[in-house]
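Undergrad: Sequence first, then the predicted structure, then my questions.
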Amino acid sequence: MGLLHDDGSGNGTEGLLHDKVVLVNGGSQGVGAAVARAAVREGAVVAVTGRRPEPGEALVAELKAAGGTARYVRADLADAAQAKAAVAETVDAYGRVDCLVNSAGLTSRGTLLDTTPELFDQHIAVNLKGPFFAMQAAVANMLGRGAPGTIVNIITSSAHGGQPFLAPYVAAKAGLAGLTRNAAHAHRWDRIRINGLNIGWTATEGEDATQRAFHGAGDDWREQAAARLPMGRLGRPDEIADFVVLLLSDRSGVVTGSVIDWDQNVLGALD
């Protein structure tokens with residue numbers, strides 16, 4: 001059951017994103033797909049982007065079957081032109097973009113010493129450049145209409161430093177955290193609120209593939225990981241999605257420029 005918006009009538013029947021157009025980049029699986037489901041549940045019209053049509057179209061079919069309005073936009077967010085075009089296609093379809101979520105991410109491994117320029121560029125393209133130009137296009141649409149809007153960037157707790165094998169990932173995501181604050185400051189007088197989430201270890205399809213590809217993980221890696229975590233489990237995409245919906249909605253008030261640590265470990269605290 002989703003959070004409901006109380007419109008003052010006492011019936012609480014309208015969702016938190018009632019009548020909002022939400023574009024979720026990287027929305028065909030994982031956290032992005034969970035955000036798309038939560039947004040539809042809370043009354044939004046949703047567009048999701050992804051490189052592969054199969055999961056994107058399957059998700060859209062699921063959302064429509066649940067009574068939502070949704071469309072898939074094929075886009076490789078590593079290409080700035082495609083990132084901007086995804087916003088344009090959403091505007092063409094629905095007339096506007098009220099909310100943007102940048103959830104696409106590349107998590108391939110590399111240390112300071114073994115990262116190639118090609119790998120570094122891939123991380124910058126997906127984790128920083130794509131969100132930058134998607135935000136540029138979305139904010140331009142909001143400004144052109146003289147309308148408020150909200151943006152949430154999915155970042156990572158590793159942006160604070162991370163493991164040695166995440167060097168290019170950390171570099172790009174730390175840049176996204178800085179961009180989030182910079183853009184929020186630049187457009188606060190336009191009533192465009194921009195926030196970010198530094199998410200911790202989360203059980204997603206992408207994380208499963210990463211653990212198996214780079215760390216030789218077996219079928220029980222989630223259980224082994226959970227045993228080492230304070231809450232006894234990994235985070236869930238649906239939990240993050242609820243938090244994102246709150247930040248996208250008016251319920252989060254005037255909050256902007258915040259990069260929130262969504263994690264079960266406390267930065268700077270030591271045992």
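TA: Everything's here; your move. Numbers count the residues shown, from 1 in each chain.

Undergrad: Mind naming the longest strand for this structure?
TA: The strand that spans the most residues within the chain, counting by DSSP state E, is strand 192-199.

Undergrad: what helix or strand is Asn182 on?
TA: helix 167-186 (DSSP states H and E).

Undergrad: Counting by contacts, list what that helix packs against.
TA: For helix 167-186, the contact count by 3 or more C-beta pairs under 8 Å, 6 or more residues apart in numbering; DSSP states H and E identifies helix 117-124, helix 130-145, strand 149-154, strand 192-199, strand 259-262 as packing neighbours. (Glycine included, C-beta is placed from N, CA and C.)

Undergrad: Can you tell me the SS state at the closest residue to Arg145 other than its chain neighbours?
TA: Distance criterion C-beta to C-beta, 6 or more residues apart in numbering; nearest residue to Arg145, sequence neighbours excluded, is Arg96 at 6.2 Å. Under DSSP: H, G, I helix; E, B strand; the rest coil, Arg96 falls in the coil class.

Undergrad: for Arg71, same thing?
TA: Quick answer, by three-state DSSP: Arg71 is strand.

Undergrad: Phi and psi next, for the closest residue to it other than its chain neighbours.
TA: Nearest non-adjacent residue to Arg71, counting by C-beta to C-beta, 6+ apart: Ala47, 5.2 Å away. In terms of degrees, to the nearest 10, the main-chain angles of Ala47 are phi -120, psi 130.

Undergrad: from memory Ala47 sits against Val24, does it?
TA: Yes: in terms of C-beta atoms under 8 Å, Ala47 counts as a neighbour of Val24; the distance is 7.2 Å.

Undergrad: Compare these two (neighbour count), which wins?
TA: Comparing Ala47 with Val24 by other C-beta atoms under 10 Å, the one with more neighbours is Val24, at 34 against 27.

Undergrad: and the more buried one, what does it touch?
TA: Val24 makes contacts with 32, 35-36, 39, 46-49, 101, 103, as judged by C-beta atoms under 8 Å, 6 or more residues apart in numbering.

Undergrad: Keep only those of these that are in helices.
TA: Mapping those onto helices (DSSP state H) picks out 32, 35-36, 39.

Undergrad: Just give me the neighbour total for Thr116.
TA: 10.

Undergrad: Quick check: pLDDT value at the closest residue to it other than its chain neighbours.
TA: The shortest distance from Thr116 to any residue other than its chain neighbours is 7.6 Å, reached at Gly110 (C-beta to C-beta, 6+ apart). Gly110 carries a pLDDT score of 96 in this model.

Undergrad: OK, contacts around Gly110?
TA: Contacts of Gly110 (C-beta under 8 Å, 6+ apart): 116, 119-120, 123, 165-169.

Undergrad: Could you tell me which ranges of the protein sit under the pLDDT cut-off?
TA: Where the chain drops to pLDDT under 70, the residues are 1-13, 201, 203-209, 211-217, 221.
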